[in-house]
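*Asks:* Generate a structure from the sequence data that follows.
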Amino acid sequence: QVQLVESGGGLVQAGGSLRLACAASVRTFSTYAMAWFRQAPGQERKFVAAINWSGGTAYYADSVKGRFTISRDDAKATVYLQMNSLKPEDTAVYYCAAGPIDSYSDYGVGLRYDYWGQGTQVTVSS
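*Replies:* Next up is the predicted model:
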């Protein structure tokens, strides 16, 4: 069983930055692809970013490209999401996910991930 715990959310003004972290309690962390999804009030959960098991390839939603960066530290079993130039439309609950994914077409599909964190709230004020 994998447990994921997100941290780093909060309230920030538009144009500001936040770094989210997701700590995993699993010794095989390095074998999992990791991702961030977000869900705004009244909307479905959407893909934000993913990183493959080796950390060599990252994928981003068009809405965050150039502003967000996903990274992983396998020694700490932690994945990060650096969020810069935040906009009010980035306001959402952000969820971390882990899954044994190795197909390009699956990284953005929530159903392909086996484990999810409880979420952390990010609020961007205008």
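*Asks:* so what's the most centrally placed residue in the chain up against?
*Replies:* Taking CA atoms, centre = their mean, the centroid of the chain lies closest to residue 36, which sits 2.0 Å from it. Neighbouring residues of residue 36 by CB atoms under 8 Å, 6 or more residues apart in numbering: 20, 22, 48-50, 70, 79, 81, 94-97. Backbone N, C-alpha and C define where each C-beta goes, glycine included.
*Asks:* who wins for most neighbours among those residues?
*Replies:* residue 79 (30 neighbours; other CB atoms under 10 Å).
*Asks:* Spell out the residue ranges of the strands in this protein.
*Replies:* Secondary structure of the chain (DSSP state E): strands at 4-7, 10-13, 18-24, 33-39, 46-51, 58-60, 68-73, 78-83, 92-99, 115-116, 120-125.
*Asks:* Now do the same contact list for the closest residue in space to residue 108 that isn't next to it in sequence.
*Replies:* Excluding the flanking residues, the one nearest residue 108 by CB to CB, 6 or more residues apart in numbering is residue 47, at 4.0 Å. Residue 47 sits next to 35, 37, 61, 107-110 when contact means CB under 8 Å, 6+ apart.
*Asks:* Would you mind putting those residues into CSV with distance to residue 7, pLDDT and neighbour count alongside?
*Replies:* Below are these laid out as CSV (distance: CB to CB, whole Å; pLDDT from 0 to 100; neighbours: other CB atoms under 10 Å):
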residue, distance to residue 7, pLDDT, neighbour count
35, 17, 98, 29
37, 16, 98, 24
61, 22, 97, 16
107, 23, 93, 23
108, 24, 92, 18
109, 25, 93, 14
110, 21, 92, 15
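*Asks:* Can I get these in JSON lines including distance to residue 16?
*Replies:* Formatted as JSON lines, those follow (distance: CB to CB, whole Å):
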{"residue": "35", "distance to residue 16": "23"}
{"residue": "37", "distance to residue 16": "21"}
{"residue": "61", "distance to residue 16": "20"}
{"residue": "107", "distance to residue 16": "27"}
{"residue": "108", "distance to residue 16": "26"}
{"residue": "109", "distance to residue 16": "30"}
{"residue": "110", "distance to residue 16": "27"}
